[in-house]
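A.B. asks: 3D model of this:
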Amino acid sequence: MSVTYHAQYSDGATYRVMYDPNECKTYLATVEGGFMSVPRFVNGAEFLRYDFNYQPQPGLRACDWATNIQRLHAHLALLTPPQPEDFRLHLEAESEPFRALQATGAKAEMEYRANRQQARQQALNVLNEPSAANVRTNQASRAAAAEALRTRQRPK
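C.D. replies: This is a model prediction of the structure:
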């Protein structure tokens, strides 16, 4: 009998899953042999569900097969799906709701601007990285510009 548990995502990808009974937590198996917590999104695909592949041993009676499937489904219920982020605003009992909303809005705007600036910096860094094609193009354009400058400066 062989059983493998896996997480299914909306793009059709499946990833092997491990359950740690000591921590009561579910992990994805990594290529290096380690594990990581199950993310809600992987490469833009959203988590759908956990499932398993079951290969019963040859000659297994139908009643034993059904018992095994029930046990596997019970074990599947132990696997904890990733939780969505909680975006609710928690207010203190004595605070003014309007001022709290203003402060939260200002904080969210600052986070958005910081994240946008960071993404812009990363994009610029990627664009400014020298690649072999960019270096050849730059060298060719510099050589052409230098040749044009030499031809203009030669006395006739």
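A.B. asks: Do me a favour and average the pLDDT over the helix or strand hosting residue 148.
C.D. replies: Residue 148 is part of helix 132-153, with elements assigned from DSSP states H and E. Mean per-residue pLDDT for helix 132-153: 85.
A.B. asks: Pull out the buried positions in stretch 132-148.
C.D. replies: For stretch 132-148, a neighbour-count test (16 or more other CB atoms under 10 Å) marks nothing as buried. Yep, even glycine has a C-beta here, placed from its N, CA and C like the rest.
A.B. asks: Not counting residues beside it along the chain, what's closest to residue 92?
C.D. replies: The shortest distance from residue 92 to any non-neighbouring residue, by CB to CB, 6 or more residues apart in numbering, is to residue 100 (7.9 Å).
A.B. asks: how close does residue 64 sit to residue 38?
C.D. replies: Plainly put, residue 64 is 31 Å away from residue 38 if you go by CB to CB, to the nearest Å.
A.B. asks: What of residue 32?
C.D. replies: 17 Å.
A.B. asks: out of these two, which sits in the more crowded spot?
C.D. replies: Of the pair residue 32 and residue 38, residue 38 is the one with more neighbours under other CB atoms under 10 Å, namely 21 against 6.
A.B. asks: where's the residue nearest to residue 89 when sequence neighbours are not counted, which helix or strand?
C.D. replies: Leaving aside its sequence neighbours, residue 89 sits nearest to residue 104 (CB to CB, 6+ apart; 5.5 Å). Here residue 104 is covered by helix 97-128, with elements defined by DSSP H and E.
A.B. asks: Report the distance from that helix to the chain centre.
C.D. replies: 20 Å (CA atoms, centre = their mean, to the nearest Å).
A.B. asks: Mind checking the pLDDT average for it?
C.D. replies: In the prediction, helix 97-128 has an average pLDDT of 88.
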